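# Build the 3D model from these lines:
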Amino acid sequence: MKVYTLELISAPKTVRFFGEGCTLLAGSPTHVSILDFNQSGSVEFSKDNTSYAFSAKSNTLALGQSGGLIQIFDTATGKRREVLKGGATPKKIKISLNGDFLAAANGNGTSLINLNIGKTEHHFPGGGWQFGQFHFSPDERYFAAGVRKSESSLQHTVYQYDLSTKTIDREFSIEGTITQLLFSPNGEKLLVSTTDPGGIAYETRLHLFDTASGKELFQWESDEGIVDVVFSPNSKVLAIGTAAGALIQNGVVRLLDANNGTEKDRFMLDNVVVDLDMSPDGQLVSVVSGTYSMWKKKAVVFIYNMNEHRIVYNLNSKEFFNMNSFSSDGRFLVVGGRGSSVQLLEFKKN
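As a prediction, the model looks like this:
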């Protein structure tokens, strides 16, 4: 294992690998850098951004800005492709894998925009402090958006929108505040994570639905706070990171069977779980665990081998970071975010 510090990226808020190669995005409100490790090239965009999203497959970068502007760039050339106008300032945006659709959320709801024609295809009302929870399926068949019935209501509806037929084909009634929406890599399952269902503080619930039939496969409930959830690349395993303990000082990572919710494995950490990812071969779970307060800032990256049922590597840092991401070839793991330096872990080839 080799560890590098990337000096060229200055204190980003977001670090993540995208696409089939080793394309890394590091972003902050004023600066977005995209680095291709296979071609040893990079492109940078300096703007005052409220949000940003990237599709490596289509070389598309979207920058949300004040006044309702969304600028679309071709990252292969660095040139601006188009400017979308209208609506309130986008607080959160995402691009579909193939770059055909963009979703933008603000205080008025979530808009689904067809980038091929530059027009809004559907609008999901409702905003509030959440600024929308939404996700594209990797096969670009579905788009899911969570909508709260009213500002004071605990009732939400998750709409599953069919991108090919341009219709809502499923509606899921959800109790509690939606904290995460996630399609499985094969697009066959939709995960909905909530907090405070039924108005019960500190309780969390996870729902897993079959996208084709709309059937709920299982529910998983806990009095621990669900921090992050990821699917394995083959969509068969769920990794759930939670915060446990009266003072939320401990973290637990559980591995569940994604078909029925049966717990397959778990491991405990001394600090709260901050972020999770899985290696492309599905053998390793990477976990960022840490503490952030006025008295202490630290983070640790743990690598857990699911076949050996043990932690095989850890990296301690005096900085606090809140993100980690594997490259699609499994060669690198990047850690950073929250204004920390960016570190790159390179794995030896077996």
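
# hey, let's count contacts and neighbours off CA atoms from now on
Fine.

# Point out where the stretch 151-300 of the chain drops to low pLDDT.
151-154, 197-202, 245-249, 293-295 (pLDDT under 70).

# And the strands in it?
With strands called from DSSP state E, counting those that start in this stretch, the stretch 151-300 of the chain shows them at 155-162, 167-175, 177-183, 189-195, 204-210, 216-222, 225-231, 237-244, 250-257, 263-269, 272-278, 284-292, 297-305.

# among the ones you listed, which is nearest residue 93?
Proximity to residue 93 (Cα to Cα) singles out strand 177-183 among the strands of the stretch 151-300 of the chain, at 13.9 Å.

# doesn't residue 102 make contact with residue 113?
Yes. Under the criterion of Cα atoms under 8 Å, residue 113 makes contact with residue 102 at 5.1 Å.

# what's next to stretch 13-20, contact-wise?
The contact list for stretch 13-20 (Cα atoms under 8 Å, 6 or more residues apart in numbering) reads 23-29, 54-57, 323-329, 334-340, 342.

# What is the neighbour count of the nearest residue to residue 122 once chain neighbours are set aside?
Of all residues not flanking residue 122 in the chain, residue 112 sits nearest, at 5.2 Å (Cα to Cα, 6 or more residues apart in numbering). Other residues near residue 112 come to 23 when the count uses other Cα atoms under 10 Å.

# And residue 112, how close does it get to residue 125?
Per Cα to Cα, to the nearest Å, residue 112 is found 11 Å from residue 125.

# do residue 143 as well
Per Cα to Cα, residue 143 is found 15 Å from residue 125.

# quick one: which of those two has more around it?
Just comparing residue 143 and residue 125: by other Cα under 10 Å the higher neighbour count belongs to residue 143, 21 against 18.

# Now for that one: which residues touch it?
Contact analysis of residue 143 by Cα under 8 Å, 6+ apart lists 134, 135, 136, 137, 160, 161, 162, 163.

# buried sites along the one helix or strand it maps to?
For residue 143, the host element (DSSP states H and E) is strand 142-148. Within strand 142-148, the residues scored as buried using 16 or more other Cα atoms under 10 Å are 142, 143, 144, 145, 146, 147, 148.

# what would those look like in a markdown table with pLDDT and distance to residue 259?
What follows is those, written out as a markdown table (pLDDT from 0 to 100; distance: Cα to Cα, whole Å):
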| residue | pLDDT | distance to residue 259 |
| --- | --- | --- |
| 142 | 97 | 20 |
| 143 | 97 | 21 |
| 144 | 96 | 20 |
| 145 | 93 | 23 |
| 146 | 90 | 23 |
| 147 | 85 | 26 |
| 148 | 76 | 28 |
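
# quick check, nearest of those to residue 236?
residue 142 (19.5 Å).

# What's the separation between the closest residue to residue 6 other than its chain neighbours and residue 106?
The spatially closest residue to residue 6, leaving aside those adjacent along the chain, is residue 342, at 5.5 Å (Cα to Cα, 6+ apart). According to Cα to Cα, residue 342 stands 29 Å off from residue 106.

# Phi and psi next, for residue 100.
Phi and psi for residue 100, reported as degrees, to the nearest 10, are phi -90, psi -30.

# which residues does the residue lying closest to it once chain neighbours are set aside contact?
Of all residues not flanking residue 100 in the chain, residue 115 sits nearest, at 5.4 Å (Cα to Cα, 6+ apart). Each residue near residue 115 by Cα under 8 Å, 6+ apart is listed here: 99, 100, 101, 102.

# out of the residues you listed, which is most surrounded?
residue 101 (23 neighbours).

# Would you confirm that that residue contacts residue 114?
Yes. Contact criterion Cα under 8 Å: residue 101 and residue 114 qualify, at 4.8 Å.

# Give me the neighbour count for the closest residue in space to residue 166 that isn't next to it in sequence.
Distances taken as Cα to Cα, 6+ apart place residue 121 nearest to residue 166, at 7.8 Å, with adjacent residues excluded. Burial of residue 121 is recorded as 14 neighbouring residues (other Cα under 10 Å).

# Over to residue 273?
31.

# Counting neighbours, what do you get for the residue nearest to it when sequence neighbours are not counted?
Distance criterion Cα to Cα, 6+ apart; nearest residue to residue 273, sequence neighbours excluded, is residue 289 at 4.5 Å. By other Cα under 10 Å, 27 other residues sit near residue 289.

# Residue 289 and residue 268, how far apart?
With Cα to Cα as the criterion, residue 289 and residue 268 are 11 Å apart.

# now do residue 329
From residue 329 to residue 268 the distance is 28 Å (Cα to Cα).

# Kindly report the same for residue 83.
Plainly put, residue 83 is 47 Å away from residue 268 if you go by Cα to Cα.

# Over to residue 134?
Counting by Cα to Cα - residue 134 and residue 268 are separated by 30 Å.

# Equivalent analysis for residue 52, please.
Going from residue 52 to residue 268 by Cα to Cα gives 34 Å.

# Those two: which is more packed in?
For residue 52 versus residue 268, the count of surrounding residues by other Cα under 10 Å is larger for residue 52: 25 against 15.
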